[in-house]
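**Q** show me how the following folds:
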Amino acid sequence: MHQEYSSVTFKAIFIALILMVANAYWLVIGNEVWYSLHFTLVSLFFNTIFSLFVLILLNFLVKQFLTNFALSQRELLVIYVMLVMLSTVVEYTMIGYLMAMLAHPFWFATVENEWRELFLKYIPKWLTVRDMSVLSGYFNGESSIYITKYAKGWLQTIAVWSVFIFVLWFVLICINVVIRKQWTEREKLSYPIIQLPLEMTNDKSRFFRSRMMWIGFMVAGGIDIINGLNFLFPKIPKIPVGGREIGHYFTEKPWNAIGWNRFHFILLLLD
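**A** Numbers count the residues shown, from 1 in each chain. Okay, here's the model as predicted:
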């Protein structure tokens, strides 16, 4: 009789925790330091897909020599899900904006904008950081959060918001549990966003043996590589795929409120 094994194994959790640390560092560096890699602006987070791809390659090698230590599809998907959940929290659309809001109000309050008189008095002390000596290390740099003074200044605020984020994500998971039966069993939704990791981790799938997949991968990847080289070496011609900015055409009220707006023509294939 076929025996079902739990997908949430110690091995999967251990590997996921290591990759979570690496991905968290990658996300913060890419968004807050380089400000060039916005990982979660598209539905499939490319840092998680890349991590899964590398893990699949390593897992293939392990299968050749140490079969008992190889990861199953379920374990690979557990790792992938943990990385996705991490990315939704650490990405700049969440933590990036949140950290700015925690420090921005008091640091940029001036006599001219009258923020202290208008609304700063209504912000609870535990909700933001208001010690200017602590904020100076954050905004001016050349310092470290590991200095005791700065760590204590941020500790209470970070703890409060960490509890809030944990509760928020727990509520979202609870909502998923409530709607799962309706969406999955009754309406039988296919969830297109999960098809890629499912195909990548399925040993019986022909995903990595598909000629069309590799052609599409090389075309898209080739365009990105060429445009990246153009950014570093402007003499290399650029392939225009970024759309056209149309916001500057709207100069009269109320349409000028549209601001920056890029218009794209995108070929969308529906199965």
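
**Q** helix or strand for Lys149, which one?
**A** Assigned by DSSP states H and E, Lys149 falls within helix 148-180.

**Q** just for this structure, where's the confidence low?
**A** Counting by pLDDT under 70, the ranges of the chain that qualify are 1-7, 265-271.

**Q** repeat the analysis, applying 80 as the threshold.
**A** Counting by pLDDT under 80, the ranges of the chain that qualify are 1-7, 31-38, 41-42, 92-93, 96, 141-142, 242-244, 247-248, 256-271.

**Q** helices of that one, residue ranges please.
**A** Along the chain, counting by DSSP state H, helices occupy 10-28, 46-65, 73-90, 97-107, 115-118, 132-140, 148-180, 195-201, 211-232.

**Q** which of the ones you listed sits most buried?
**A** When these are scored by mean count of other Cβ atoms under 10 Å, the highest mean neighbour count falls to helix 73-90 (a mean of 20). Every C-beta, even on glycine, is put in place using the N, C-alpha and C of the backbone.

**Q** does anything pack onto that one? Which helices or strands?
**A** If you count contacts as 3 or more Cβ pairs under 8 Å, 6 or more residues apart in numbering; DSSP states H and E, helix 73-90 packs onto helix 10-28, helix 46-65, helix 148-180, helix 195-201.

**Q** put the alpha carbons of the shortest one into CSV.
**A** What follows is helix 195-201 as a C-alpha-only set of coordinates in CSV (Å, rounded to 0.1, in the frame of the first residue of the first chain):
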residue,chain,number,x,y,z
GLN,A,195,1.1,26.3,-12.2
LEU,A,196,4.7,27.4,-12.8
PRO,A,197,6.1,26.1,-9.5
LEU,A,198,4.0,23.0,-9.8
GLU,A,199,5.4,22.2,-13.2
MET,A,200,9.0,23.1,-12.2
THR,A,201,8.9,20.7,-9.3
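
**Q** how far does it sit from the chain's center?
**A** Remark: helix 195-201 is offset 19 Å from the chain centroid, using Cα atoms, centre = their mean, to the nearest Å.

**Q** who touches Met82 in this structure?
**A** Met82 makes contacts with 13, 16, 19-20, as judged by Cβ atoms under 8 Å, 6 or more residues apart in numbering.

**Q** quick one on the thing from earlier: got the helices of the chain as a markdown table, with distance to Leu37 columns?
**A** Below are the helices of the chain laid out as a markdown table (distance: least, Cβ to Cβ, whole Å):
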| stretch | distance to Leu37 |
| --- | --- |
| helix 10-28 | 8 |
| helix 46-65 | 8 |
| helix 73-90 | 12 |
| helix 97-107 | 16 |
| helix 115-118 | 32 |
| helix 132-140 | 22 |
| helix 148-180 | 22 |
| helix 195-201 | 20 |
| helix 211-232 | 11 |
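
**Q** and of these, who's closest to Phe250?
**A** helix 97-107 (26.1 Å; Cβ to Cβ).
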